[in-house]
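Visitor: This is the structure alone, sequence omitted:
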């Protein structure tokens, strides 16, 4: 394996959790709901998936538990912001704090436990090809799921009737409601999908990325996923590109240090965030407003009777 | 007349309060701990909590311990004051960032004894303590140089602060002592604790030809990354062998138990004084985990070095110490750099090709 190949492989690992979480949040936001609780749901996903994987000695059950934990957390969020039309920003922040705390409680008995690595998929013949072999045909299942999910979300949002309904609800919930579209039901499902994706991203962190659990191990990745959705202008394809740019920036700055390029590491660490600001700036220069933001994003929905 | 009796009454009341406090302390000493991280971090805070449990074990019914975990440094004053107010006779504040809040609270509660880890400011009721982890790093540097086939060893650092820089220098000087041509690559994670990023940092080093990775960040992730590649690493703060049974060569263990038990005993006996303690391998404040996964001759060398440091025959920073440009560092200690020079180290030693971020 050459250095180049190794770097590319590391980038894929660093980008995958960001992509999965960002896709979930993207769908939630497209329905007009801003859920700032990604970090908390991810933390819960990481803790519950690891706890289940160790208890039942099964990675698959662990992944299931992670998805379920994320979805349950988001259901709680849905109850508050849909059922009681509460402020979405406040509720989302509360969800993050709750998730970080609760995950610490759930994970505490599993500190110090470890899991064996999840074996990457190997396709005889293809996986042995130079450079592209390991890169395209030797990843773990999560990576393929994340790519498939990108395609599926893009298809759903643009080509299906349900996706169109979801988007119109996000653009203007009052009109959608007047047309008889099921605003609450679609938003509830979109929130659940977002939670499930965050949970899955968390599971990736504790089961594949590091293979142990420790408190606060998400270390801000939920927030990066939120930034990614904006960076991607609410488009799944751009979320994929953005996630890989973020992942690459993180990994390459570490390589730049090891190769002794002499650039301050603090500056390099800030590169992904500078990239987000720059992207936002360029996008708004071109279009004059926050592009792609759903019209009803963040506004509580109270139907007039 | 009136004023004199008032003063007398006040003095009497104070004396009564003091003696009552004293009697209560003799019944049961409450010992409080403030941790910067969660006790489940399996690193820094975890090891302080091991020390807390050692106090409970040593004194049984005579003490009662409390801890507050994950206390943000900026908001620590409230937590420290809470402990002081609720009848704790001895409070350990276990992170550098707790320095000013500890001193502030200590001033308000002169009868409470405070112990601040890794700080340098003391008061009549505030002691400071730290451990010479760089002694352990000299040993792992020697092991790394012996185990490396590529001749390049790596280091994942948290932040370029003196404590970490001294660790890197000690590690490199150790490595250089067994292989003068050894090369080192340093990567800064710019975080004490971000397992995924620490793993990526270790992978970056491994990708660039490093085959032994040392770390000064708190999670087992770098060690685990080394294990996944069939390379070697060292545990940090606690024995991390269970995370990487094939990769961990040894670990530098923080052992606060002896110190905590001694200080608690001093308070119980009434002999506690404000002091500064900087213990190392000799006092068991720094303990090496079992030497594993290495040939016998390397193990023997490590054990000999450990014994030499313990007996005082070897100091990692023995003079002359050369800076990167070859200039000699003024020798302010006894044949070695002084404690202050080590605690304030802000330069790389000769042979490290990298530039130290300032």
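Guide: Right, received. Where do you want to start? Please read these numbers as outputs of a predicted model, since none were measured by experiment.
Visitor: show me where pLDDT drops low in chain A?
Guide: A:1, A:119-138, A:283, A:286-291, A:305 (pLDDT under 70).
Visitor: where do the helices sit along it?
Guide: Along chain A, counting by DSSP state H, helices occupy A:3-30, A:38-56, A:59-78, A:88-107, A:132-137, A:141-159, A:161-171, A:173-178, A:183-204, A:221-231, A:236-258, A:265-287.
Visitor: same deal with chain B?
Guide: Using DSSP H, helices in chain B cover B:2-27, B:44-59, B:76-85, B:99-108, B:133-147, B:162-178, B:195-207, B:221-228, B:257-269, B:296-311, B:339-343.
Visitor: Rebuild those helices as TSV, extending it with distance to chain A.
Guide: C-beta coordinates here come from the backbone N, C-alpha and C atoms, glycine included. Converted to TSV, the helices of chain B look like this (distance: least, Cβ to the nearest Cβ, whole Å):
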stretch	distance to chain A
helix B:2-27	32
helix B:44-59	8
helix B:76-85	16
helix B:99-108	22
helix B:133-147	16
helix B:162-178	13
helix B:195-207	4
helix B:221-228	5
helix B:257-269	18
helix B:296-311	25
helix B:339-343	23
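Visitor: Ok, which of the ones you listed comes nearest residue A:250?
Guide: helix B:195-207 (6.5 Å; Cβ to Cβ).
Visitor: how far out from the middle of the chain is that closest one?
Guide: Offset of helix B:195-207 from its chain centre (Cα atoms, centre = their mean, to the nearest Å): 23 Å.
Visitor: same question, stretch B:79-97
Guide: Taking Cα atoms, centre = their mean, one finds the center of stretch B:79-97 at 19 Å from the center of the full chain.
Visitor: Could you check that stretch and say which residues are buried?
Guide: In terms of neighbour count (16 or more other Cβ atoms under 10 Å in any protein chain shown), stretch B:79-97 has its buried residues at B:79-81, B:83-84, B:87-97.
Visitor: about what we covered before: pick out the shakiest of the helices of chain B, pLDDT-wise.
Guide: Ranked by mean pLDDT, these end with helix B:2-27 at the bottom, a mean of 45.
Visitor: mind listing what residue B:227 touches?
Guide: Residues in contact with residue B:227, defined by Cβ atoms under 8 Å, 6 or more residues apart in numbering or on different chains, are B:233, B:243-248.
Visitor: Relative to residue B:309, which of those residues is nearest.
Guide: Nearest to residue B:309 among those, with distances taken as Cβ to Cβ, is residue B:248, at 20.5 Å.
Visitor: wait, the closest one sits on residue B:236?
Guide: No - using Cβ atoms under 8 Å, residue B:248 is not in contact with residue B:236; the gap is 10.3 Å.
Visitor: Find the residues that touch each one of the two.
Guide: residue B:223.
Visitor: contacting residues around the spatially closest residue to residue B:159 that is not a sequence neighbour?
Guide: Among residues not flanking residue B:159 along the chain, residue B:190 sits closest, at 6.5 Å (Cβ to Cβ, 6 or more residues apart in numbering or on different chains). Residue B:190 is in contact with A:265-266, A:269, B:158-159, counting by Cβ under 8 Å, 6+ apart.
Visitor: Now the buried members of those.
Guide: Of the contacts of residue B:190, these count as buried by 16+ other Cβ under 10 Å: A:265, A:269, B:158-159.
Visitor: Any figure for the gap between the residue lying closest to residue B:34 once chain neighbours are set aside and chain A?
Guide: Nearest residue to residue B:34 in three dimensions, chain neighbours excluded: residue B:93, at 4.6 Å (Cβ to Cβ, 6+ apart). Going from residue B:93 to chain A by Cβ to the nearest Cβ, to the nearest Å gives 20 Å.
Visitor: What residues does residue B:93 make contact with?
Guide: Taking Cβ under 8 Å, 6+ apart, one finds B:34, B:76, B:80, B:101-102, B:114-117 in contact with residue B:93.
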